[in-house]
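generate coordinates for the sequence data below:
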Amino acid sequence: MMNPKTAAAARPDVYEYELPGGFQVLAGKTDADNDRLSIKVAAPNDYWFHVRGMPGSHVILRVAAEEPSRDIIKQAAAVAAYHSKARTGGVVPVSCTRAKYVTKAGRDKPGTVHIRKETVLKVRPAVPEPSSE
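Down below sits the predicted model:
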């Protein structure tokens with residue numbers, strides 16, 4: 001049985017949001033949480049987001065059976081912009097790739113990753129309204 005302290009250390013502390021269609025978005029709260037979210041928690045086909053050129057959360061859009069629409073992807077990118085130093089910056093460039101293209105070298109400091117096959121989305125920072133259900 002896993003020690004509860006070890007289990008808590010392995011699970012990242014994240015902000016959680018739900019988008020239309022039941023899509024889940026997770027945003028890391030610290031550099032260490034970002035590492036765990038990007039490298040350990042994200043499934044290979046999940047989408048990964050980070051604001052370009054400044055500090056911010058790593059954000060994962062969970063992909064189950066159904067692929068998200070471009071609108072859902074842009075909403076997840078807006079969450080990444082919101083959880084960054086660019087929150088008040090108007091339209092913000094956000095990097096997007098599949099989680100399988102996010103890697104980390106052992107010597108990299110926490111929160112630092114390398115990405116490939118990036119697409120840049122320009123979005124306004126926002127988080128989804130809480131559902132009233």
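
tell me the phi and psi of the nearest residue to residue 98 once chain neighbours are set aside?
In space, residue 98 comes closest to residue 45 once its chain neighbours are excluded; the distance is 6.0 Å by C-beta to C-beta, 6 or more residues apart in numbering. No exception for glycine: its C-beta is placed from N, CA and C like everyone else's. Torsion angles at residue 45 (phi, psi; degrees, to the nearest 10) stand at phi -90, psi 0.

let me see the ranges of the strands in the protein.
Listed in chain order, the strands of the chain (DSSP state E) span 14-19, 23-28, 47-51, 59-61, 92-98, 102-103, 114-115, 119-123.

for the second one, what is the distance to the chain centroid?
Between the mean C-alpha point of strand 23-28 and the mean C-alpha point of its chain there is a distance of 6 Å (C-alpha atoms, centre = their mean, to the nearest Å).

which elements pack onto it?
strand 14-19, strand 59-61, helix 70-82 (3 or more C-beta pairs under 8 Å, 6 or more residues apart in numbering; DSSP states H and E).

then the longest one?
With contacts defined as 3+ C-beta pairs under 8 Å, 6+ apart, the packing partners of strand 92-98 are strand 47-51, helix 70-82, strand 119-123.

hang on, the earlier thing: can you give me the neighbour number for the residue nearest to residue 98?
12 (other C-beta atoms under 10 Å).

now do the contacts for it.
By C-beta atoms under 8 Å, 6 or more residues apart in numbering, the contact list for residue 45 reads 63, 98-100.

distance of it from residue 60?
The gap separating residue 45 from residue 60 is 11 Å, by C-beta to C-beta, to the nearest Å.
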